[in-house]
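Asks: give me a model of this one.
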Amino acid sequence: MLTQTTLRVLEPGDLGAALAVLDSAPVENAFVAARVQAAGLDPWRLGGEMWGWYTDGRLRSLCYSGANLVPICATPEAVRAFADRARRIGRRCSSIVGPAEATSQLWRLLEPGWGPARDIRAHQPLMVTEALSDSVEPDPFVRRVRKDEMDVIMPACVAMFTEEVGISPMAGDGGLIYQARVAELVAAGRSFARVEDGKVVFKAEIGAATRQACQIQGVWVAPEHRGRGLSETGMAAVLRYALTDVAPVVSLYVNDYNAPARAAYRRVGFREVGAFMSVLF
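Replies: Purely as a prediction, here's the structure:
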């Protein structure tokens with residue numbers, strides 16, 4: 001019996017089927033699921049297209065195509081179809097990111113036409129926890145950033161992004177999109193920091209958030225304050241907020257070469273359950 005397959009751009013009426021795919025792996029899909037739950041599948045509101053891969057009339061795999069290209073629950077056959085479409089329309093994204101196996105296959109297919117990449121992070125451990133650590137006390141000075149503190153938090157956010165990604169988020173459009181995203185997280189109460197003498201010494205955000213899971217991002221300690229254990233106590237504080245106010249499962253992913261960060265997250269209670277991969281342009 002022949003299997004019938006097809007790929008098409010999803011429409012608003014496909015929302016229920018798309019959410020079912022996203023919900024099948026709520027931790028690894030949290031980033032895209034949060035966007036879809038908030039914006040639906042209208043490309044203008046979503047900030048990109050959602051491609052759907054169907055097998056025998058059933059939606060099996062997705063690929064978000066916006067500022068990032070993200071394979072979701074993607075089978076090898078779906079990845080090949082996504083790569084074919086991506087090649088036809090040309091590169092519009094600044095990164096490819098997602099579960100390591102599917103992302104690696106997608107990049108192998110796209111690299112001849114899209115390469116070279118500026119940076120490749122082939123193995124980024126995905127870590128999760130459902131409980132606070134018994135051994136690390138949350139920092140009592142880590143709190144939500146107030147809406148009137150954008151001038152305080154922005155320098156730390158820019159420093160973190162530049163250190164992590166290798167380029168400044170202020171390039172190109174002068175930082176308008178990045179500042180808007182930071183302001184969105186502050187307004188939602190998902191930006192946290194320890195501030196001393198008007199300067200941020202630790203910060204982190206709860207970026208993606210759904211009912212099932214949320215993802216901590218942007219963890220940063222000011223260079224002059226590193227070595228004081230602030231990353232552990234600060235993360236414990238953010239984790240407490242996340243588990244209490246946002247979702248029952250908290251995740252993050254980290255570069256595999258960042259051994260100190262991985263060790264700190266393990267002490268806070270995170271465990272490794274998988275891996276992501278990022279290709280940066």
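
Asks: bridged to the nearest residue to Pro43 once chain neighbours are set aside, which residues?
Replies: With C-beta to C-beta, 6 or more residues apart in numbering as the criterion, Pro43 has its nearest non-adjacent residue at 5.2 Å, and that residue is Glu49. Every C-beta, even on glycine, is put in place using the N, C-alpha and C of the backbone. As for beta bridges, Glu49 partners with Ser65 under DSSP bridges.

Asks: correct me, but Glu49 touches Leu69?
Replies: No: between Glu49 and Leu69 there is no contact, the gap being 10.3 Å when judged by C-beta atoms under 8 Å.

Asks: and stretch 181-199, C-alpha only, in CSV?
Replies: Listed next in CSV are the C-alpha coordinates belonging to stretch 181-199 (Å, rounded to 0.1, in the frame of the first residue of the first chain):
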residue,chain,number,x,y,z
ARG,A,181,11.0,41.7,23.0
VAL,A,182,12.7,42.7,26.3
ALA,A,183,9.9,45.1,27.0
GLU,A,184,7.3,42.4,26.3
LEU,A,185,8.9,40.0,28.9
VAL,A,186,9.2,42.8,31.5
ALA,A,187,5.6,43.7,30.9
ALA,A,188,4.5,40.1,31.3
GLY,A,189,6.4,39.8,34.6
ARG,A,190,8.8,37.2,33.2
SER,A,191,12.1,39.2,33.5
PHE,A,192,14.0,38.8,36.7
ALA,A,193,17.2,40.4,38.1
ARG,A,194,19.3,41.1,41.1
VAL,A,195,20.1,44.8,41.0
GLU,A,196,22.9,46.4,43.1
ASP,A,197,23.6,50.1,43.1
GLY,A,198,21.5,50.6,40.0
LYS,A,199,23.3,47.8,38.0
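
Asks: the closest residue to Leu19 other than its chain neighbours and Glu49, how far apart?
Replies: What sits nearest to Leu19 in space, not counting adjacent residues and going by C-beta to C-beta, 6+ apart, is Val36, at 6.6 Å. Distance, Val36 to Glu49, using C-beta to C-beta, to the nearest Å: 12 Å.

Asks: comparing those two, which residue is more hemmed in?
Replies: Val36 (22 against 17; other C-beta atoms under 10 Å).

Asks: from the chain's centroid, how far away is the helix or strand where that one lies?
Replies: Secondary structure from DSSP states H and E places Val36 in helix 30-39. Taking C-alpha atoms, centre = their mean, to the nearest Å, the mean C-alpha location of helix 30-39 is offset from the chain mean by 11 Å.

Asks: where does the stretch 1-150 of the chain have low pLDDT?
Replies: Along the stretch 1-150 of the chain, segments meeting pLDDT under 70 span 1-3.

Asks: for Val250, phi and psi?
Replies: Backbone geometry at Val250, expressed as degrees, to the nearest 10, gives phi -120, psi 130.

Asks: show me what contacts the spatially closest residue to it that is not a sequence neighbour?
Replies: Closest residue to Val250 apart from its sequence neighbours, by C-beta to C-beta, 6+ apart: Ala242 at 4.6 Å. Counting by C-beta atoms under 8 Å, 6 or more residues apart in numbering, Ala242 touches 206, 214, 216, 250.

Asks: give me the distance between Ala242 and Ala188.
Replies: 13 Å.

Asks: check Val27 too.
Replies: Taken as C-beta to C-beta, the span from Val27 to Ala188 is 20 Å.

Asks: which one of these two has more residues nearby?
Replies: Neighbours per residue, other C-beta under 10 Å: of Val27 and Ala188, the larger number sits with Val27, 20 against 13.

Asks: return the residues in contact with that one.
Replies: Contacts of Val27 (C-beta under 8 Å, 6+ apart): 126, 128, 212-213, 249, 251, 273.

Asks: filter the residues you listed down to the buried ones.
Replies: 126, 128, 212-213, 249, 251 (16 or more other C-beta atoms under 10 Å).

Asks: how much space separates Met277 from Leu69?
Replies: Computed as C-beta to C-beta, the Met277 to Leu69 distance reads 12 Å.

Asks: touching both of these two, which residues are there?
Replies: The contact sets of Met277 and Leu69 overlap at 96-97 (C-beta under 8 Å, 6+ apart).

Asks: compare the two (neighbour count), which wins?
Replies: Taking neighbours as other C-beta under 10 Å, Met277 and Leu69 compare with Leu69 leading, 27 against 23.
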